[in-house]
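In: just need the structure, nothing else, for what follows:
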Amino acid sequence: MAGSKATPINEIEIIGEDRLQTGIGELDRVLGGGVIPGSVILIGGDPGIGKTTLLLQALPKLAMAGEKVLYVSGEESPRQIKMRAQRLAVEDPALFILAETSLETIFKSIHELQPTVVVVDSIQTVYTDQITSAPGSISQVQEVAGQLMGFAKRSGVPVFIIGHVTKEGAIAGPRLLEHIVDTVLYFEGDRGHAYRILRAVKNRFGSTNEIGVFTMKDAGLEEVGNPSELFLAERPERSTGSVVVSSLEGSRPILVELQALVSSTSYAMPKRMANGVELNRVSLLLAVMEKRLGLHFSGQDVYVNVVGGLQIEEPAVDVGIALAITSSLRERPIDHRTVVLGEMGLGGEVRAISQADLRLREAAKMGFRRGLLPERNLAKLEPVDGMELVGIREIGDALDAAFA
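Out: This is a model prediction of the structure:
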C-alpha cells in the first residue's frame with residue numbers, strides 16, 4: 001500500500017467516540033455501553049426468537065433529532081412489518097422500511113435517505129450483481145457482508161445484520177462472516193419459556209461475557225433488571241435435589257436453581273442427562289463423588305437441570321451440582337436459604353472462585369442467609385451483612401455443612 005507508514009504505538013492517537021444509546025439497557029450492556037458509530041453488528045438466533053422485535057424496538061430510539069433510521073427487509077413486506085410494529089407500539093416517523101434484496105438498490109436508497117442507523121434482515125436474502133451465484137450462497141454472503149462493512153467504516157453509520165442459524169444453532173453461511181463484523185450477538189431462548197437471553201460471542205468494543213435478559217410479552221420484549229428474581233420465582237422450599245448457585249455472567253452475578261433427580265434403574269447402562277450444564281462435567285463430578293465419598297451411582301439414572309434453561313459454563317457451580325445430586329440420592333432437602341459456591345477438583349478438593357464477594361452480596365439481597373464457599377475465598381472475604389459464611393476445603397465438608 002503506497003503511502004502506508006509504520007507508527008510507534010505510543011504515538012497513535014485515540015479519538016473518543018460517543019456511543020449511541022439504544023434506549024434498551026440490556027442491549028446496551030451486551031454491546032459494551034452502546035453502539036459504536038461505523039460498527040457492524042451481526043445478530044443470530046432461531047426463527048421467531050425475537051431478533052426483529054428487538055431491533056424494531058431499538059431503532060426509533062437510535063434516531064437522533066431530525067434524523068432517520070432504515071430497516072431493510074428481504075423477507076417481509078412493509079405491510080407485514082407495519083402490523084408487527086403496531087403490536088409493539090412503534091409508530092415513529094423517523095423509522096423507514098425498505099423491502100429490497102438487491103444490495104445496489106439498498107445502497108441507492110441509503111444514499112438518498114442518509115439514515116443514522118441501518119438494519120439488514122437478513123444477510124442470506126441480499127445479493128449483489130457483482131456475483132453471479134444465488135442469494136445465500138457463500139460467495140454472495142461474503143461479498144455482501146464485505147460491502148456493508150466497507151460502507152459502515154466509510155460513512156460512520158452503524159449497520160445491524162440479522163443472520164439465519166443452522167439447526168445446530170450457529171449462524172448459517174461461511175465462518176468468515178463472523179470474522180468480518182465487529183460484534184456477534186446470539187439471541188437465545190426456549191419457546192417454552194418467556195425469557196430471552198442476548199449473549200455476545202465476539203465484541204471488538206466491549207466484553208464478551210455480558211448477557212442481556214428479556215421476557216417476551218404481547219407488547220414485545222421487556223427488560224429484566226433482576227434476572228435472579230426471575231430464575232428463582234417458582235422455587236419450592238422443601239424440595240430434595242434442589243440447590244441455589246451463583247453464576248457470574250460478565251459483571252453480573254445471577255442466582256439460579258440447580259435441580260438433580262437420582263432414580264434407580266434396572267438397565268445395565270444407567271442414563272445420564274444434563275440440561276444447562278455440560279454433560280461431561282456432570283459425569284466427571286459423579287466419578288469424583290464415587291471415588292472420594294463412596295457414593296454409588298452405577299445403578300442410578302442421574303438427571304441435572306438448570307431451571308429456566310440458562311446455560312452455565314463456569315466451574316463455580318461444581319459443588320452445587322454435587323450437593324443437588326446427593327440431596328436427591330439421600331432424599332434430604334438443603335435449606336432453601338443457602339447458596340453454594342465452589343469448583344471441585346479431581347481429588348475432591350474445593351477450589352477458590354472469582355468474585356465471591358459480588359456473588360454473596362447478590363445472594364444477601366435476595367434473602368439468602370447462609371453461604372457455602374471455598375475456604376480460600378472465605379479467608380480473603382469481608383463479612384456479608386445478614387449471612388452466615390461457611391468455608392469448605394473438600395466436598396465432604398460441603399456435604400456435612402449442607403445437611404447439618
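
In: residues near the closest residue in space to residue 21 that isn't next to it in sequence, how many?
Out: With sequence-adjacent residues excluded and distances taken as C-beta to C-beta, 6 or more residues apart in numbering, residue 21 is closest to residue 34, at 5.0 Å. Backbone N, C-alpha and C define where each C-beta goes, glycine included. Neighbourhood size, residue 34 [other C-beta atoms under 10 Å]: 20.

In: and if you look at residue 345?
Out: That count, for residue 345 with other C-beta under 10 Å as the rule, works out to 14.

In: my guess is it contacts residue 351, does it?
Out: Yes. Using C-beta atoms under 8 Å, residue 345 is in contact with residue 351, at 5.6 Å.

In: now do the strands in the stretch 51-200 of the chain.
Out: 69-73, 95-99, 117-121, 159-163, 183-188, 195-203 (DSSP state E, counting those that start in this stretch).

In: of all these, which one is nearest residue 244?
Out: The closest of the strands of the stretch 51-200 of the chain to residue 244 is strand 195-203. By C-beta to C-beta, the value is 17.6 Å.

In: what lies in contact with the closest one?
Out: With C-beta atoms under 8 Å, 6 or more residues apart in numbering as the contact definition, strand 195-203 has outside contacts at 26-27, 30-32, 49-50, 54, 178, 181-189, 206-216, 221, 224, 230, 308-310.

In: any chance of a PyMOL selection covering the buried ones in those residues?
Out: What follows is the PyMOL syntax selecting those of the contacts of strand 195-203 that are buried according to 16 or more other C-beta atoms under 10 Å:
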select buried, resi 26+27+30+31+32+49+50+54+178+181+182+183+184+185+186+187+188+189+206+208+210+211+212+213+214+216+221+224+230+308+309+310
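
In: out of the contacts of strand 195-203, which sit inside helices?
Out: Among the contacts of strand 195-203, the residues falling in helices (DSSP state H) are 26-27, 30-31, 54, 178, 230.

In: need those residues in a markdown table (columns: distance to residue 264 and pLDDT).
Out: Shown next, in a markdown table, are the ones in helices among the contacts of strand 195-203 (distance: C-beta to C-beta, whole Å; pLDDT from 0 to 100):
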| residue | distance to residue 264 | pLDDT |
| --- | --- | --- |
| 26 | 44 | 90 |
| 27 | 47 | 93 |
| 30 | 44 | 91 |
| 31 | 49 | 92 |
| 54 | 46 | 92 |
| 178 | 46 | 85 |
| 230 | 34 | 77 |
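
In: in the residues you listed, find the pair that's most separated.
Out: Maximum pairwise distance among the ones in helices among the contacts of strand 195-203 (C-beta to C-beta): 29.6 Å, between 178 and 230.

In: check contacts around residue 137.
Out: residue 131.

In: hmm, which helix or strand of the protein has the shakiest average pLDDT?
Out: helix 227-231 (a mean of 81; mean pLDDT, DSSP states H and E).

In: next SSE downstream of that one?
Out: Later in the chain than helix 227-231, the nearest helix or strand by DSSP states H and E is strand 242-249.

In: so when I look at residue 318, I'm seeing a helix, right?
Out: Yes. Using DSSP: H, G, I helix; E, B strand; the rest coil, the assignment for residue 318 is a helix.

In: quick one on the thing from earlier: I'd like the strands of the stretch 51-200 of the chain as a markdown table, with distance to residue 18 and mean pLDDT appended.
Out: Output for the strands of the stretch 51-200 of the chain, formatted as a markdown table (distance: least, C-beta to C-beta, whole Å; pLDDT from 0 to 100):
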| stretch | distance to residue 18 | mean pLDDT |
| --- | --- | --- |
| strand 69-73 | 17 | 94 |
| strand 95-99 | 22 | 94 |
| strand 117-121 | 14 | 94 |
| strand 159-163 | 18 | 93 |
| strand 183-188 | 17 | 89 |
| strand 195-203 | 18 | 88 |
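
In: closest to residue 79 out of those?
Out: Across the strands of the stretch 51-200 of the chain, residue 79 has its closest neighbour in strand 95-99 (9.1 Å, C-beta to C-beta).

In: ok, back up a step: could you single out the nearest of the ones in helices among the contacts of strand 195-203 to residue 98?
Out: Distances from residue 98 to the ones in helices among the contacts of strand 195-203, taken by C-beta to C-beta, are shortest for residue 54, at 18.9 Å.

In: what's in contact with the longest helix seen in the chain?
Out: Identified as the longest helix of the chain according to DSSP H is helix 138-155. Residues outside helix 138-155 that contact it (C-beta under 8 Å, 6+ apart) are 38-40, 103, 107, 110, 120, 123-124, 126-128, 130-131, 133-134, 157-159, 161, 173-174, 176-177, 180-181.

In: kindly write the PyMOL command that selects the buried subset of the residues you listed.
Out: Remark: buried members of those, expressed as a PyMOL selection using 16+ other C-beta under 10 Å:
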select buried, resi 38+39+40+103+110+120+123+124+126+127+128+131+157+158+159+161+173+177+180+181
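
In: just put the strands of the stretch 51-200 of the chain in JSON lines and tack on distance to residue 146.
Out: JSON lines is the format used below for those (distance: least, C-beta to C-beta, whole Å):
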{"stretch": "strand 69-73", "distance to residue 146": "17"}
{"stretch": "strand 95-99", "distance to residue 146": "21"}
{"stretch": "strand 117-121", "distance to residue 146": "13"}
{"stretch": "strand 159-163", "distance to residue 146": "12"}
{"stretch": "strand 183-188", "distance to residue 146": "16"}
{"stretch": "strand 195-203", "distance to residue 146": "17"}
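
In: for residue 267, which of those is the nearest?
Out: Of those, the one closest to residue 267 (C-beta to C-beta) turns out to be strand 183-188, at 33.2 Å.

In: tell me how many other residues surround residue 316.
Out: Residue 316 has 24 nearby residues by other C-beta under 10 Å.

In: distance of it relative to residue 334?
Out: 17 Å (C-beta to C-beta, to the nearest Å).

In: one step back: tell me which residues of the longest helix of the chain are tucked away?
Out: Buried-residue list, helix 138-155, by 16+ other C-beta under 10 Å: 140-145, 147-149, 151-152, 155.

In: and for stretch 219-236?
Out: Buried, per 16+ other C-beta under 10 Å, within stretch 219-236: 220-221, 224, 227-228, 230-232.

In: export those residues to JSON lines and tack on distance to residue 362?
Out: JSON lines is the format used below for the buried residues of stretch 219-236 (distance: C-beta to C-beta, whole Å):
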{"residue": "220", "distance to residue 362": "28"}
{"residue": "221", "distance to residue 362": "24"}
{"residue": "224", "distance to residue 362": "14"}
{"residue": "227", "distance to residue 362": "10"}
{"residue": "228", "distance to residue 362": "6"}
{"residue": "230", "distance to residue 362": "13"}
{"residue": "231", "distance to residue 362": "12"}
{"residue": "232", "distance to residue 362": "11"}
